[in-house]
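**Q** sequence and predicted structure below; questions after.
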Amino acid sequence: MSGAPAGPPPRDARASRGGARAFAQRLVSGDEAARLVVTVASGAILLVTALLVFELWTNSGLSREKFGLRFLVTQTWDPNAGVFGALPFAYGTVVTSFLSLLIAVPVGVGAAIFLSEMAPPKLSDALTFCIELLAAVPSVIYGLLGVFVMMPLIKAHLAPGLRAALGWTPLFQGPFYGVSFLAAGIVLAVMILPFIVSVSRQVLLAVPPEQREGALALGATKWETTWRVVVPYARRGITGSVFLALARALGETMAVTMVVGNAPQIKASLLAPGYSIAAVIANEFTEATSDLYVHALIELGLVLFALTIVINGVARLLVLSTSRHAGSPA
Amino acid sequence: MRTTIPALLLPALLLRAMAALVVWAPAVLPAQIQLTGAGATFPYPMYSKWFDEYHKRHPDVQINYQSIGSGGGIRQVTEGTVDFGATDGPMTDAQLADFRSKRGTAILHFPTVLGAVVPVYNVPGVATGVRFTGDALAGIFLGTITKWSDVAIARANPGVRLPATDIVVVHRSDGSGTTYVWTDYLSKVSPAWQQRVGKNTSVNWPVGLGGSGNPGVAGLVKQTEGAIGYVELIYAVQNRIAYGAVRNAAGEFVNADLASVSAAAAGAAATMPDDFRVSITNAPGRASYPISSFTWLLVPATIPDRAKHKALVDFLKWMLADGQGMVEALAYAKLPAPVIAREAKAIAGVK
């Protein structure tokens, strides 16, 4: 920082002359230039988002006019008859993403706690490096691993086990072909794990040592310190990592389409095949020939965008209410 | 100042670089006619081979082709962003009208090569060559035939022990010309299919799982006992997947191969309309494989740029003559002689 005041330049007329000189001074010294650059950068994000919504909105006109809000509750997707509905796809997106969080959050946060609080620093660094490598693997590779390695394993071991233990619930009934909500959820869980682990570990490491020392000095055990003091302190950052992971899961396309079965249907059973919004767009866009068909696919993109906002909003509200209730520093 | 010397050197370096460009440019870029096209993915290996070979023979003509899918090809040529399009399914009347209103001229279809779609299956203990009637295939894909031992399949396969396992239907999840040909065939042989599902690059499947692309369908079929799907003939042959023979319009069970696919085109040639927008599924002729199809180039009837006009017309003529000689090496079926003769006449329609 230079000696100039950090606040915005004075805007009233009386200071204009001196203000202009001071402004020029600050521009030269770098403060104003930096301000300008970062403002433009953050504005660009807003602009891109606005542009995205605008494009999705204008290019889905035919479909919005024809179906209106019925688009959201229609279960049919018939390009020949020109009837399009988003419900089975939205359902699949939500179910697979939720399932992946159910698996990845406990594992990811657990791994992050181990890496930051318990593992020797060298081991922690090495393991973190490996986990971050996972994030760089292309999603089609995860899809292939899912098809050729994971699905046979699920078929041979996991599915019969689940059916034996929980077959009485509607969640694990019906024939199982390998491709399913379950398979998609597991593949997604592996894909979003690096985001949760990596970010959560950074946040946990950033908790001031005084917090730990204070708790230990009060007689807390190592685990009590970690679970009661360090993790709550880092709660906001950990939640952020989960949101990042959720966004990734909602939008993932390639890996999901390879293992989900691509059948637009709503089934309670996790063993049944389904579909997702991102997958159907990727699958059908190139060969969509009629205008209405293209517009319906673009409207699906709009639905996905809205879905992301709604889910994130609800999750944030949940977090706010629980953290206020708990009265934690997060 | 320290920066003086580099600052002086910079323009000199730039000048040298520009001089080098001037010297090199004629060698790298001769005066060229650039044609761009976009569309179908199925004939892409053939087209890229043709465009490459044609460029070797005519260095002044460079043809770029993007395999973005048939739907994309139709859209791009209608918007005028490419010089020609390519599609696996003929354009509809509405699309033709749309093209005319936007571009002020007609669009012509030119068949280039032929492909076929075969039913592939995975039934333990049953070898390749199971015979399917059109009714049986339609019933299976409609979900009305659910067991391999169903009489509709068994009757056509005396001596084959078909187990009573459930049939798992696998279809393409991505929009594709393969699906168009498959559903076009089913629509012709089954009124129920025609009414309930119809034909398109993607349809509302009554039953089944979706696999992405030929590999996706083949992978699901291989992994699932009792599965049946459909893939392009080339894909089934190259990957040694068991595929079935299909009964044609003459009542013969025909295995798909390059000869039986060409025969289907020859069988359909007599009744072919002048614009070549014709489906040759369920074609007449004892040797015809019934799930065959053309793939087309889409060329505007009027090309104002004379250089481009000449280049494209010359290419079409070459494709029908020398080009056809390269087709079978890439496992496509070539156009039969009567079709080539009619196309040669139709080229005169490109003004």
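**A** Thanks, I have it. Please read all numbers here as calculations on a predicted model, not as lab measurements.

**Q** C-alpha from now on. contacts and neighbour counts both.
**A** OK.

**Q** okay, the residue nearest to A:Arg26 when sequence neighbours are not counted: pLDDT?
**A** Excluding its sequence neighbours, the residue lying closest to A:Arg26 (C-alpha to C-alpha, 6 or more residues apart in numbering or on different chains) is A:Glu32, at 5.7 Å. Per-residue pLDDT puts A:Glu32 at 80.

**Q** count the neighbours of A:Glu32 for me.
**A** Residues near A:Glu32, counting by other C-alpha atoms under 10 Å in any protein chain shown, number 18.

**Q** list the contacts for B:Leu142?
**A** B:Trp193, B:Trp205, B:Pro206, B:Val207 (C-alpha atoms under 8 Å, 6 or more residues apart in numbering or on different chains).

**Q** which parts of the longest helix along chain A are buried?
**A** Across chain A, the longest stretch assigned as helix under DSSP state H is helix A:291-326. For helix A:291-326, the neighbour count (16 or more other C-alpha atoms under 10 Å in any protein chain shown) marks A:292-305, A:307-308, A:311-312, A:319, A:323 as buried.

**Q** and what of stretch B:134-144?
**A** Quick answer for stretch B:134-144 (16+ other C-alpha under 10 Å): B:Gly134, B:Asp135, B:Ala136, B:Leu137, B:Ala138, B:Gly139, B:Ile140, B:Phe141, B:Leu142, B:Gly143.

**Q** other SSEs contacting the helix or strand hosting A:Leu56?
**A** Element membership of A:Leu56 [criterion: DSSP states H and E] is helix A:31-58. With contacts defined as 3 or more C-alpha pairs under 8 Å, 6 or more residues apart in numbering or on different chains; DSSP states H and E, helix A:31-58 has these neighbours: helix A:16-29, helix A:291-326.

**Q** mean pLDDT for these: which is lowest?
**A** helix A:16-29 (a mean of 72).

**Q** how many residues are close by the residue in the stretch 151-300 of chain B that chain A sits nearest to?
**A** Using C-alpha to the nearest C-alpha, B:Asp174 is the residue of the stretch 151-300 of chain B that sits closest to chain A, at 4.0 Å. For B:Asp174, the number of neighbouring residues by other C-alpha under 10 Å comes to 28.

**Q** with adjacent residues omitted, what lies nearest to it?
**A** Using C-alpha to C-alpha, 6+ apart and skipping residues adjacent in sequence, the residue nearest B:Asp174 is A:Asn283, 4.0 Å away.

**Q** now do the contacts for A:Val109.
**A** A:Ile196, A:Val197, A:Ser200, A:Ile238.

**Q** now, the most widely separated pair of those residues?
**A** A:Val197 and A:Ile238 (9.0 Å; C-alpha to C-alpha).

**Q** touching, B:Ile68 and A:Ala288? I think so.
**A** No - contact criterion C-alpha atoms under 8 Å: B:Ile68 and A:Ala288 do not qualify, at 11.3 Å.

**Q** looking at the two, which has the bigger crowd around it?
**A** Applying other C-alpha under 10 Å to B:Ile68 and A:Ala288 shows that A:Ala288 carries more neighbours, namely 28 against 18.

**Q** and that one, how far from A:Leu166?
**A** Distance, A:Ala288 to A:Leu166, by C-alpha to C-alpha, to the nearest Å: 41 Å.

**Q** quick one, strands of the stretch 101-250 of chain A?
**A** Secondary structure of the stretch 101-250 of chain A (DSSP state E, counting those that start in this stretch): no strands located.

**Q** interface residues of it facing chain B?
**A** A:Tyr177 (C-alpha under 8 Å from any C-alpha of the partner chain).

**Q** got the phi and psi for the closest residue to chain B within the stretch 1-150 of chain A?
**A** Nearest residue of the stretch 1-150 of chain A to chain B (C-alpha to the nearest C-alpha) works out as A:Asp78 at 4.6 Å. Main-chain torsions, A:Asp78, degrees, to the nearest 10: phi -130, psi 100.

**Q** residues near the residue nearest to B:Asp174, how many?
**A** Quick note: A:Asn283 (other C-alpha under 10 Å) scores 23 neighbours.

**Q** thinking again about what came up before, so what's the residue of the stretch 1-150 of chain A closest to chain B up against?
**A** A:Phe84, B:Val203, B:Asn204.

**Q** ok, and the most crowded of these?
**A** Highest neighbour count within the contacts of A:Asp78, by other C-alpha under 10 Å: A:Phe84, with 24 neighbours.

**Q** tell me what it is bridged to.
**A** Beta-bridge pairing of A:Phe84 under DSSP bridges involves A:Trp77.

**Q** quick check: it vs B:Gly115, distance?
**A** 31 Å.

**Q** before we move on, what about A:Leu304?
**A** Per C-alpha to C-alpha, A:Leu304 is found 37 Å from B:Gly115.

**Q** tell me where chain B has helices.
**A** Secondary structure of chain B (DSSP H): helices at B:4-28, B:44-57, B:70-79, B:93-103, B:134-142, B:151-154, B:177-189, B:191-196, B:213-223, B:233-238, B:258-269, B:306-320, B:337-346.

**Q** actually the stretch 101-250 of chain A, not the one I wrote
**A** For the stretch 101-250 of chain A, applying DSSP state H, counting those that start in this stretch gives helices covering A:121-135, A:139-145, A:151-153, A:159-166, A:181-205, A:209-217, A:222-224, A:231-233, A:235-251.

**Q** those: which one's closest to B:Ala259?
**A** helix A:139-145 (35.4 Å).

**Q** touching, B:Thr133 and B:Val246? I think so.
**A** Yes - with contacts counted by C-alpha under 8 Å, B:Thr133 reaches B:Val246, the gap being 5.9 Å.

**Q** biggest strand in chain B by residues?
**A** If you go by DSSP state E, chain B has its longest strand at strand B:107-122.

**Q** helices and strands around that strand, which ones?
**A** helix B:93-103, helix B:177-189, helix B:213-223, strand B:227-232, helix B:233-238, helix B:258-269, strand B:292-300.

**Q** what average pLDDT does it get?
**A** pLDDT averaged over strand B:107-122 gives 93.

**Q** with stretch B:289-301 instead?
**A** So the average pLDDT for stretch B:289-301 ends up being 93.
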